[in-house]
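Asker: Predicted model follows, preceded by the sequence.
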Amino acid sequence: MLKMKNLSKAFLTDAIKTQALHPFDLSIEQGEFVSVIGPSGSGKTTFLNIAGLLEEHSDGLYELDGQDVAQFSDKKKSAYRNEKIGFVFQSFNLIPELNLYDNIDMPLRYRKFNRDERHARIIQALEQVGLAGRKDHYPTQLSGGQQQRVAIARAIAGTPCVILADEPTGNLDSKMAEGIMSLLKDINAAGTSIIMVTHDNEQAAQAQRIVQIKDGHLSDSPDIQKEIA
Amino acid sequence: MRDLIPILKTLKKQKIAPALLAFQIAVTFMVLVNAIYMISERSDLIARPIGVNMENTLIVVANLPSEQGDLTTQLEDDLTILKSIHGVVNAAPITGLPLEGWGLYMDFKLDPNEEDVAYGGYFGSNENLIEAFDLTLLAGENFLPSDIQKVENDGIFKSSKIIITKALAEKIYPDNWRDILGKSLYYHKEPHEVIGIVDKLQNAWNFWSALEYTVISAVQEANDTQRYVVQVESGQMASVIKAIPEKLLTHPYKQIDSIEALSEVKRRSYQEDIATNKLLTVVCICLTIIKIFGILGQAKFNISRRTKQIGTRRALGASKHQVIRYFMLENAIISTIGVCIGILAAIILNNQFVELLSLSPVPIHFLLVGAIAIILLGQIAVAYPVSQAAKISPAITTRGT
Amino acid sequence: MYSYYFKLALLSLRKTPLLSLLMVTMIAIGIGATMTTYTISYMMSKDPIPSKSAQLFQVQLDSMDEIYGDGKILPYTITYQDTQVLLDSDIPKYQVALSAIQQKIGHINNGHVTAKSLKVRTTTSDFFSMFETPFLYGSGWSKQDGKDAAQVAVLSKNTNDWLFDGENSVGKSFKFGAETYQVIGVLDSWNPLPKFYGLPHIAYTQPYDLFIPFNTQIKNELFTEKLVSNACWQESTDDSFSAFLASECMWVIFWVELPDKQTHDQYQTFIDNHAKEQQSLGRFKNRIYNKLVPLKQYLIDEEVVSDDSKMAVWLAVLFLIVCLLNCMSLMIAKFHAKAGEIGLRRAVGASKQDIVTQFAIELSVVGVSGGLLGLLFAQAGLLAAKQTYSYLHSGLMQMNLQLLIGTVLLALISSLVFGLYPIIRASQMQPSSQLKSL
């Protein structure tokens, strides 16, 4: 489903080349739950941005759902993000002026769904995250954990093939974090691939597979799995 | 149009900021529409034709000093001199000037014992006036030299033949204005036979409802300050203006008050309107600039405030084009609301406004054109900040602000 | 504490220079436009002679035929024959008959004559006392000179500059048409606004170039139809000047100064009696309807303040409102961006009132800066108005001290009024709301 080959990322700043990600290979199958760990500044976020088509890679091949995304125009990338990828951010990124229903509706409106279909998807997504009764509330009326649930509902409403979660529990206390993790596992169990960036080893261990990034080097060896476990 | 509902919901939640912008647009709209309408109304007034050949008509004002003897003789001498100047088609004396702001007017009766049928302005002159002004005689005929009475003042009290304007004829005989030919108009209790009708000749006061109701009587007055109308051949204006003082100043008592084109008299007559139009134009331009800056500034701040939101939208699959469309539509909606308030206010307040400022109400089609212009202006103003917004990278969602 | 807030305000303005500049410029443009138009309108409607405007009255007599009906508005001129009778009264403190002529005025030097056609105010000797004209040299003519139709003149400062290079010219002579007249006085700069005493449509033009006795005009049979409002409803008996004087033509403007109610009533009785007497002689056929129109009423009746100038003020006020609304939006945006700071200040113990004070001071700085810059814009606007309205008196386009102070105050107050809502909203922000992101 996701295939990266010899992929690398370098930044050019003031004529100095900084290698954010050294060339690596990675492939993730449909239905996998992969966590990406590593200390701050190691290149985790860069990896996530490339995976989520938010940034371009410098070199190598990236195929998502069978298509080479390097050639995509901005418009095509936007559409691809919308259909294939669901995002869950550390700081939720909900729109404060819209209520829960409309927040979830937001990405769906960029797609050619009719009103009934959008409605059905929103209600289903809200039910899945257990907030069906609060669709008219506004984000500021919710706790952090609930806000993150809304963000997850927004991510799954478009039935993406992969969810990219960026430290989804980073802003939450441990009890809330647990709830979010079990929700993500449920979603994964229903068949959606999840790539989760985290610096919490314990959480990372709940995934089927662990990838480590350290100083721009990505390693995907079974040793790490054991080490973390 | 997919964004329409979410935009409306967002605006409803924010309330005050978009309301302010809408209100501001409403006031701008009201001022702009009213100002531009006033400008166009004034321009229309100024553009009304006097009925005279404007390019080649020259006005000379000179004295007839009593020290030099009989005024009528002096007047005829002046006319002979003026007509002899190379490039002059014809010259005539006149008791006042179109749009001079000073003049004579009177009430007209068809029967001396009945009510007035009209009122209008008066010019006394001779048989040369039609050619000197280059007037168009529509019906009847010009004065004959033998029709002309020559007096030193109070010509208005003499019974005489007259030529009137078509507008005045139509005022008295709405069905068939030619019927007035051969009839007599009474003013100052004396009868005046209408022998001719000219197409148009404005009288002294540009603001007067009877501006185009004008009578030319066959009474030539010689005044100590005497006005002459001179028709000049095309292209000879400058040389005639130069020649007049040389020829006309025949003795030390002779003075020329002014030699100027009739267009100059007209410009002076409307100077207040012209100045007001300039002022209004400046107001409109300033207001447009302010509005553009205002929308630009507000859009910029709105967008910087919503940077993260825009990034999120981009991350969740909105294309650049969709982001642009979202904000353009948002502005268009606010502008439309503002314009609607403006139109409503214009309709509700119109009476008070009209009375307070003695304006005439703005016609509907003007409001509609104004509305479209204002909305377009808003779109133009918002275009730059929005194109900047589209450049916001979706990656800021993961990197934080 | 206030100096601390002041420092904070300057810091905050410096932190967002573009936004601050935009706000100040907005206020300045609005204030500039409003004050430009208001100045012109204010100067137009200003009391031209505050010390005695309540005591000055224009005399209007209905000396017309019965066909002229019972309208409330009378011509603002009276006949020469009535003028003569009125001038004999000793009830008013001062009384002035006015007309105007155009005449060729010239130097007398070495036989070489240069002449200009100037506008001449013809009036009676009380003119200078009644309208409190300032004299540079000499004085007005005496009552006797006036009666004798002496060939004397009072020159305006400009005319004296032209004829005598600004020197003390009292006693010197100049050419007045074909005659020789003597200078008896020279006025200092004198620009009453509105120039209420003459015809309404010239109320904002410069005073005329020189003044001669009214009787001198009559004696020399001088008349310039264009400079007077001559309401003639009946033909003169013949073409002579004496017949014109004896006619029913109304062309003389007549002002009286009546210091108190008693003299006012006394004078009203006097003119009514005059009318009745004339009626018995076959004149005043219409009715006995004589008015003493107070100066201020006269200015209103004759619409001396033009609708255009009123309209311009209204437009400018709306314009200012647009600018202030704009500012208000910018302020909301600005305070919104400061939410973090406000939350922090509240968290460390600032009361709502402290927040309000802090931002009010910041806004005052903006308002006053806008006012000062607006003053500059208004001066530029007035300069432009002088060009555009070149036919009007330039004194209309000058601000006095009250207007200068008023401008800055208007900027300050209006920006505070329009800032009130954003400030209160900012102060109402919950400190805790800042803990949740976005």
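Answerer: Yes, it's here. No experiment lies behind these values; they were computed from the predicted model shown.

Asker: Tell me where the stretch 51-200 of chain B has strands.
Answerer: Along the stretch 51-200 of chain B, the stretches classed as strands by DSSP state E, counting those that start in this stretch are B:57-63, B:88-94, B:104-109, B:116-124, B:137-140, B:149-151, B:160-165, B:184-187, B:190-198.

Asker: Burial-wise, tell me which of these comes out on top.
Answerer: Neighbour counts (mean count of other CB atoms under 10 Å in any protein chain shown) averaged over each of the strands of the stretch 51-200 of chain B peak at strand B:160-165, with a mean of 25. (Glycine included, C-beta is placed from N, CA and C.)

Asker: Which strands and helices lie in contact with it?
Answerer: Here strand B:160-165 touches strand B:190-198, strand B:214-217, going by 3 or more CB pairs under 8 Å, 6 or more residues apart in numbering or on different chains; DSSP states H and E.

Asker: B:V339 is nearest to which of those strands?
Answerer: Nearest of the helices and strands packed on strand B:160-165 to B:V339, taken as CB to CB: strand B:214-217 at 44.5 Å.

Asker: Spatially central residue in chain A, please.
Answerer: A:L164 (1.1 Å; CA atoms, centre = their mean).

Asker: before we move on, the earlier item: would you list the strands of the stretch 51-200 of chain B in TSV and tack on mean pLDDT?
Answerer: Below are the strands of the stretch 51-200 of chain B laid out as TSV (pLDDT from 0 to 100):
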stretch	mean pLDDT
strand B:57-63	88
strand B:88-94	90
strand B:104-109	83
strand B:116-124	87
strand B:137-140	85
strand B:149-151	85
strand B:160-165	90
strand B:184-187	86
strand B:190-198	88
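
Asker: Figure out which of those is closest to A:R111.
Answerer: strand B:160-165 (72.7 Å).

Asker: Contacts for that closest one, please.
Answerer: The contact list for strand B:160-165, computed with CB atoms under 8 Å, 6 or more residues apart in numbering or on different chains, reads B:51, B:120, B:130, B:137, B:140, B:142-143, B:147, B:149, B:180, B:185, B:192-201, B:212-219.

Asker: List the neighbouring strands of it plus their orientation.
Answerer: When pairs are called by DSSP bridges, strand B:160-165 turns out to pair with strand B:190-198 (parallel), strand B:214-217 (antiparallel).

Asker: can you list those strands in JSON lines and add distance to B:R325?
Answerer: Formatted as JSON lines, the strands paired with strand B:160-165 follow (distance: least, CB to CB, whole Å):
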{"stretch": "strand B:190-198", "distance to B:R325": "62"}
{"stretch": "strand B:214-217", "distance to B:R325": "61"}
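
Asker: Quick one: closest of the ones you listed to B:A169.
Answerer: Comparing the strands paired with strand B:160-165 by CB to CB, strand B:190-198 comes nearest, at 5.3 Å.

Asker: In chain A, what residue lies closest to chain C?
Answerer: A:S91 (4.7 Å; CB to the nearest CB).

Asker: That residue: which element?
Answerer: For A:S91, there is no enclosing helix or strand under DSSP states H and E.

Asker: so which strand or helix has whichever residue of chain A sits closest to chain B?
Answerer: Proximity of chain A to chain B (CB to the nearest CB) peaks at A:N82, 2.3 Å away. A:N82 belongs to helix A:74-84 when assigned by DSSP H and E.

Asker: quick check: longest helix of the chain.
Answerer: This is for chain A. When chain A is parsed with DSSP state H, its longest helix is helix A:174-189.

Asker: Chain B, not that one
Answerer: Chain B, longest helix under DSSP H: helix B:320-357.

Asker: I'd like the distance from whichever helix or strand comes after that one to the chain centre, please.
Answerer: Using DSSP H and E, the helix or strand that follows helix B:320-357 towards the C-terminus is helix B:364-390. Relative to the mean C-alpha coordinate of its chain, helix B:364-390 is positioned 29 Å out (CA atoms, centre = their mean, to the nearest Å).

Asker: and what of stretch B:286-296?
Answerer: Counting by CA atoms, centre = their mean, stretch B:286-296 comes out at 28 Å from the chain centroid.

Asker: Is chain C within reach of it?
Answerer: Yes: Stretch B:286-296 lies within reach of chain C by CB under 8 Å from any CB of the partner chain, at B:C286, B:L287, B:I290, B:K291, B:F293, B:G294.

Asker: I'd like those residues as TSV, with secondary structure and neighbour count appended.
Answerer: Conversion of those to TSV gives the following (DSSP: H, G, I helix; E, B strand; the rest coil; neighbours: other CB atoms under 10 Å in any protein chain shown):
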residue	secondary structure	neighbour count
B:C286	helix	19
B:L287	helix	23
B:I290	helix	21
B:K291	helix	24
B:F293	helix	17
B:G294	helix	25
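
Asker: Pipe the residues you listed into JSON lines and attach distance to B:V362 per row.
Answerer: Shown next, in JSON lines, are the residues of stretch B:286-296 next to chain C (distance: CB to CB, whole Å):
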{"residue": "B:C286", "distance to B:V362": "20"}
{"residue": "B:L287", "distance to B:V362": "16"}
{"residue": "B:I290", "distance to B:V362": "21"}
{"residue": "B:K291", "distance to B:V362": "19"}
{"residue": "B:F293", "distance to B:V362": "26"}
{"residue": "B:G294", "distance to B:V362": "23"}
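
Asker: Nearest residue to B:T336 in space, please, no chain neighbours.
Answerer: In space, B:T336 comes closest to B:I375 once its chain neighbours are excluded; the distance is 6.2 Å by CB to CB, 6 or more residues apart in numbering or on different chains.

Asker: Which residues outside stretch A:139-147 are in contact with it?
Answerer: Stretch A:139-147 has contacts (CB under 8 Å, 6+ apart) with A:92, A:94-96, A:98, A:100, A:103, A:131, A:134, A:150, A:171-173, A:176-177, A:179-180, C:433, C:436.

Asker: Can you check the distance spanned by it, start to finish?
Answerer: Terminal residues of stretch A:139-147 are spaced 6 Å apart (CA to CA, to the nearest Å).

Asker: average pLDDT for it?
Answerer: For stretch A:139-147, mean pLDDT rounds to 89.

Asker: quick one: contacts for C:K104?
Answerer: Here C:K104 is in contact with B:Q255, C:A115, C:K116, C:S117, C:L118, C:K175, C:G177 (CB under 8 Å, 6+ apart).

Asker: cool, and A:R149?
Answerer: Here A:R149 is in contact with A:V129, A:G130, A:L131, A:G179, A:I180, A:L183 (CB under 8 Å, 6+ apart).

Asker: Please repeat the previous calculation with a cut-off of 10 Å.
Answerer: A:88, A:92, A:100, A:125-126, A:128-131, A:134, A:142-143, A:176, A:179-180, A:183 (CB atoms under 10 Å, 6 or more residues apart in numbering or on different chains).

Asker: what do you get for C:A149?
Answerer: C:I212, C:P213, C:F214, C:N215, C:T216, C:Q217, C:I218, C:K219, C:N220.

Asker: Could you pick out the buried ones from those residues?
Answerer: With burial judged by 16 or more other CB atoms under 10 Å in any protein chain shown, the buried subset of the contacts of C:A149 is C:I212, C:P213, C:F214, C:N215, C:T216, C:Q217, C:I218, C:N220.

Asker: looking at it, the fifth one is touching C:L222, isn't it?
Answerer: Yes: C:T216 lies in contact with C:L222 (CB atoms under 10 Å); the separation is 8.2 Å.

Asker: Okay, strands next: where are they in the chain?
Answerer: Defaulting to chain A. A:2-13, A:16-28, A:33-37, A:59-64, A:67-68, A:85-88, A:162-166, A:193-198, A:209-214, A:217-219 (DSSP state E).

Asker: meant chain C actually
Answerer: So, for chain C - with DSSP E - the strands run C:56-61, C:78-79, C:94-106, C:115-123, C:135-138, C:152-155, C:173-176, C:179-187, C:210-213, C:250-257, C:290-294.

Asker: Worst mean pLDDT among those strands?
Answerer: Among the strands of chain C, strand C:115-123 scores lowest, with a mean of 85.

Asker: Alright, I will stop here.
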